[in-house]
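A.B. asks: Dropping the sequence and predicted coords here.
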Amino acid sequence: MSATAVDDDLWSAIGDPTRRTMIDLLLREGNGTATSLSERLPVTRQAVSKHLAVLDRVGLVHASPAGRERHFQVDEAQLARAVAQLAAVGDAWDARLRRIKRLAEQIQQTQNTQNTNEGE
């Protein structure tokens with residue numbers, strides 16, 4: 001897979017608003033535990049743990065044990081990969097939209113020419 005090929009599992013993980021908020025919190029604070037994150041989110045600690053497991057599975061976060069807790073950090077390389085994928089998808093859609101615009105302009109120009117010829 002190329003660096004900008006879309007990874008559906010990665011985007012499925014990022015697609016959840018709670019997980020995006022968790023990533024934001026981890027980036028802002030440097031790391032966090034399921035307990036510390038659950039104190040700042042409107043979900044239970046168990047739900048946070050499940051979300052962290054999804055993020056860990058796709059490589060967006062990594063855990064390191066610290067006593068009875070696990071501290072999670074964002075994998076910035078994997079996050080950069082996600083950003084590159086998003087940029088590539090955006091570029092592809094921009095190109096499609098430019099082509100659609102050109103086609104619409106050609107159709108409009110053809111219709112204008114036909115209307116002018118009919119009026120003569």
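C.D. replies: Yep, it's here.

A.B. asks: what about Ser64, which SS state?
C.D. replies: strand (DSSP: H, G, I helix; E, B strand; the rest coil).

A.B. asks: tally of neighbours for the residue lying closest to it once chain neighbours are set aside?
C.D. replies: Among residues not flanking Ser64 along the chain, His71 sits closest, at 5.3 Å (Cβ to Cβ, 6 or more residues apart in numbering). (C-beta placed from N, C-alpha, C; glycine too.) The number of residues packed near His71 is 18, by other Cβ atoms under 10 Å.

A.B. asks: how about the strands in this protein?
C.D. replies: Taking DSSP state E, the strands of the chain run over residues 61-66, 69-74.

A.B. asks: For those, give me JSON lines that also has distance to Thr18.
C.D. replies: Below are the strands of the chain laid out as JSON lines (distance: least, Cβ to Cβ, whole Å):
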{"stretch": "strand 61-66", "distance to Thr18": "13"}
{"stretch": "strand 69-74", "distance to Thr18": "14"}
